[in-house]
Each structure stands twice: as structure tokens, then as C-alpha cells.
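J.: Requesting a structural model of the entry that follows:
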Amino acid sequence: MPNYPANLRYTKEHEWAKQEGDLVRIGITEFAVEQLGDVTLVDLPEAGTQLHALAHFGDIESVKAVSELFAPLSGEVVEANGALLDSPELANDSPYHDGWMLLVRPSNPREFESLMSPQAYEQYVGSLEQG
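T.: Presented below is the predicted three-dimensional model:
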């Protein structure tokens, strides 16, 4: 059963967001990783890139498919996880820690509060699995 840490917020596109002071760390969920299979490539924007909530910001490629990544909130990319360029499998091995994707300075911090709680995300994933 996938793990959904209580200190994160989630999107229906299977990204997670973690508040860290005035920044937000972003990655993909364990559920997304399980659906993708072995990740072979992660394409992320550079620092300084402006993100728009729910807009495409990059791609993740696996042995099964290429999937788009969507921003949970609007803001400026402060840092992209360069370790994913050389070791994309970090997204599989540690989606909530070493496999994080972006560190963002939100332009509208209230967007974070509108993301799904762990309980809401777990119910959402459960509805997908039953469907």
C-alpha cells in the first residue's frame, strides 16, 4: 500500500508539495511512481522559471510511458533536483526525499492550502483503483 506522508499536500495529477519556510518542495507521489514503473529520465525546468498552478512544467519517462508533470502551485523555481539528471531512479527509490523535483518560491501561498490533504488524496487514489 502506498505511503502518503501527513506533512504533505497532494494534487489529482499525483504531485506532492511540502511547505519549507517560505518555499515549497515538489515531487511525485508513491502512487505515481508505482504506475510509471522504473523511471529512466526526468526533464525539469531551470531555476528562475515561472510556474503556473496546474500547468505542465516537465516530463518523467519510464519503461512504460512518458508522463507530464504539473505544478501544484504558481511560483518561481528556486532549484531543480540535479541529482535526478544522473540518477532518475531516485524518483522510484525515494519519491518523498531524495527524489524530490523542484524547490519553488510560491507567488500565492494560499494555493498550498487548496491542495488535497493526505486523507483526501488517499480517498481519491482509492476511487481510481476501484474504477
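
J.: can you give me the helices in the protein?
T.: Counting by DSSP state H, the chain has helices at residues 30-36, 83-86, 90-93, 110-113, 118-130.

J.: and of those helices, who's closest to Leu54?
T.: Nearest to Leu54 among the helices of the chain is helix 110-113; the distance by C-beta to C-beta comes to 9.5 Å. C-beta coordinates here come from the backbone N, C-alpha and C atoms, glycine included.

J.: residues touching Glu79, list them.
T.: 47, 102-103 (C-beta atoms under 8 Å, 6 or more residues apart in numbering).

J.: Name the residues that touch stretch 109-126?
T.: 2, 4-6, 8-12, 17, 19, 22, 24, 29, 31, 53, 72-74, 106.

J.: quick one on the thing from earlier: possible to save the contacts of Glu79 as CSV with distance to Gln123?
T.: Listed next are the contacts of Glu79 as CSV, based on distance: C-beta to C-beta, whole Å:
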residue, distance to Gln123
Ala47, 35
Leu102, 26
Leu103, 28
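
J.: leaving aside the residues next to it on the chain, what's closest to the residue nearest to the spatial centre of the chain?
T.: Centroid check for the chain by C-alpha atoms, centre = their mean gives Gly27 as the closest residue, at 2.6 Å. Take Gly27 and drop its neighbours on the chain: the residue closest to it by C-beta to C-beta, 6 or more residues apart in numbering is Trp100, 4.3 Å away.

J.: How much space separates Val39 from Ala91?
T.: Val39 is 4 Å from Ala91, where distance means C-beta to C-beta, to the nearest Å.

J.: nope, Glu68 is what I meant
T.: In terms of C-beta to C-beta, Glu68 sits 14 Å off from Ala91.

J.: okay, these two: which has more neighbours?
T.: Ala91 (26 against 12; other C-beta atoms under 10 Å).

J.: hang on, isn't that one packed against Ala83?
T.: No. Look at Ala91 against Ala83 with C-beta atoms under 8 Å: they stay out of range, at 10.1 Å.

J.: number of nearby residues for Pro109?
T.: 13.

J.: for Arg110, same thing?
T.: 8.

J.: what do you get for the one 5 residues further on?
T.: Here the number of neighbours of Leu115 (other C-beta under 10 Å) works out to 20.
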